[in-house]
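Colleague: Give me coordinates for this.
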Amino acid sequence: MSKSKKKLFIEMPLCMSGMGIFRVWTEEIYSNNQVFFPAQQFWWTGFAAFNLISACLLFVYAFNAKHVTPFFSKKWPSILSGFGLIASALVNFASIQVSQYAMLLGTIGVICGSIGIATIILQWSELFGCLNPTKVLLYFSGGIVIGGLILWLFKGLDIRWLVVCVCLIPLLSLDCLRHAYRLISKDDLPTKQWGTFSLPWKPIVIVALYSFTYGLCTYVFKGPLGIHSGFGALFAGILIYALVCIQRSTFRFAPLYVLACVCMIVSILPFIDAFPGGIAISRFCALLSYTLCLISIMTILSHITYHYGVNAIWLFGIERAIRLISVQLGIFSSSMITSGSLSIERNITAIIVAAIVVWATHLFLSEPSSSPWGAILKGVVGKDTQGAASKHRLAIRCHEISVEYNLTSRENEVLMLLCERKTPKEIENELFIANSTVKTHTKHIYHKLGIHSKTELFEMLGVKGD
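Modeller: Just a heads-up that it's a prediction; the model follows:
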């Protein structure tokens, strides 16, 4: 009798790290504390402008999702993102040599860079929306670590080699994207927008509040290591990857939400910079907290897309745009606060922001992992060619049963996959758990629901049997 035994370490397909790899470009071009780009010395060509223009373009994509999706079946998104990012990198580096043209080069660079980054963000978001949330959790955290390590390798490179390496990053990320889609089953590939949904406001509000607070932590943007290569970001990625490998079926988000809350509050303490190493602690905690938040939000939104059929371009476009705007609002607010650890404005701000972070964490904890988070189907548009509306209703029914019969988050995940007619072997591969664990979860589900077979389960859910 053979037993399916899982290794302790879960191997991640290298191509799935592309989401973290393109973050290298962002730090090297628009958040680089080691290289001065004359092209970015104007208010309309720097980091703030880059973020705000990117946010506007993300909104444009989101509200035109019905016309532009799916990205994966079209060539123009890859051409647009690749050309935009490489062109932006080249003109920014060129401004070092021909600084008299800095204004023109900076304008071209920020426009091209914003178009490129907005497009590639949504390309990868669309792919992650095709994955089971457990895989998203693993692959996104692993990609963050790989991206951070690449950034470390870039530190101290000769400027000529840096130009070459940075220009290769978008091509590498897009090549990873191409290979990643080969690992997606045909049934899970992105489709055209088939329905209109109410906006799941809780995840959006959470990421906005955390992003605003992160923007207040100005030390993050001034350290020797950048926003994606800092120790806090890498530690968060390693922590989650390790926890998924070790805990698997028992993994829970709640402790991570609490950790993110505590770290973010520590990072904004008004007196922390008065202690030896206080600035480094503040930077580490802010990056750790923010990265944990981003990984959690990515997993939640991918869950909504994967199980409930919400269009990834629409959902992620809105979330990413609001995130970028919130970060900039935080940075702007920080510049308006009187400096000094004892300033009244700073103390009051810290108290208010701490309360906001606690409330945001409460929102995190208020929903079970199986929840649609308020993404309710309002109507079907166009042809529902793959039964997406039926899949959405099935996911809603599974969530209702999960709440009614007090299923665990993992049991709910197994329930959804069973209802999608996944075999035990497929569920095993989807959730990185042993075959015996799949059988145990299935047995517990049947016991809690008072049934004895898959046929009874389908009848309970109103699904036609095989």
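Colleague: Just give me the neighbour total for the spatially closest residue to P70 that is not a sequence neighbour.
Modeller: Among residues not flanking P70 along the chain, P190 sits closest, at 3.6 Å (Cβ to Cβ, 6 or more residues apart in numbering). All C-beta atoms are positioned from the backbone trio N, CA, C, and that covers glycine. P190 is flanked by 20 other residues according to other Cβ atoms under 10 Å.
Colleague: same deal with W43?
Modeller: Counted with other Cβ under 10 Å, residues neighbouring W43 total 8.
Colleague: ok, now which ones touch it?
Modeller: Counting by Cβ atoms under 8 Å, 6 or more residues apart in numbering, W43 touches A49.
Colleague: tell me the secondary structure for it?
Modeller: coil (DSSP: H, G, I helix; E, B strand; the rest coil).
Colleague: Please report phi then psi for it.
Modeller: phi -60, psi -30 (degrees, to the nearest 10).
Colleague: M103 versus that one, what's the distance?
Modeller: According to Cβ to Cβ, to the nearest Å, W43 stands 11 Å off from M103.
Colleague: what bits of the chain have low per-residue confidence?
Modeller: Along the chain, segments meeting pLDDT under 70 span 1-8, 338-343, 381-388, 463-466.
Colleague: Need the contact partners of stretch 146-155.
Modeller: 17, 20-24, 27-28, 34, 162, 165-166, 169, 225-226, 228-230, 233-234, 237.
Colleague: what's the distance between G113 and S81?
Modeller: To S81, G113 is 10 Å away according to Cβ to Cβ.
Colleague: where do the contact lists of the two overlap?
Modeller: By Cβ under 8 Å, 6+ apart, no residue touches both G113 and S81.
Colleague: Show me where this protein has its strands.
Modeller: 195-197, 377-380 (DSSP state E).
Colleague: Same list, these, but as TSV with mean neighbour count please.
Modeller: As requested, those are arranged in TSV below (neighbours: other Cβ atoms under 10 Å):
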stretch	mean neighbour count
strand 195-197	18
strand 377-380	12
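Colleague: what would these look like in a markdown table with distance to D158?
Modeller: A markdown table is the format used below for those (distance: least, Cβ to Cβ, whole Å):
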| stretch | distance to D158 |
| --- | --- |
| strand 195-197 | 50 |
| strand 377-380 | 55 |
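Colleague: right, and the ones you listed - which one's nearest I297?
Modeller: Each of the strands of the chain has some distance to I297 by Cβ to Cβ; the shortest is strand 195-197, at 17.1 Å.
Colleague: which helices and strands sit right next to that closest one?
Modeller: In terms of contacts (3 or more Cβ pairs under 8 Å, 6 or more residues apart in numbering; DSSP states H and E), strand 195-197 is packed against strand 377-380, helix 388-404.
Colleague: right, so the ones you listed: which one is the most enclosed?
Modeller: helix 388-404 (a mean of 18; mean count of other Cβ atoms under 10 Å).
Colleague: For N32, give me phi and psi.
Modeller: Main-chain torsions, N32, degrees, to the nearest 10: phi -100, psi 110.
Colleague: Which residues are in contact with it?
Modeller: The contact partners of N32, by Cβ under 8 Å, 6+ apart, come to G226.
Colleague: quick one: it from A118, how far?
Modeller: Going from N32 to A118 by Cβ to Cβ gives 20 Å.
Colleague: K391 too?
Modeller: According to Cβ to Cβ, K391 and A118 sit 29 Å apart.
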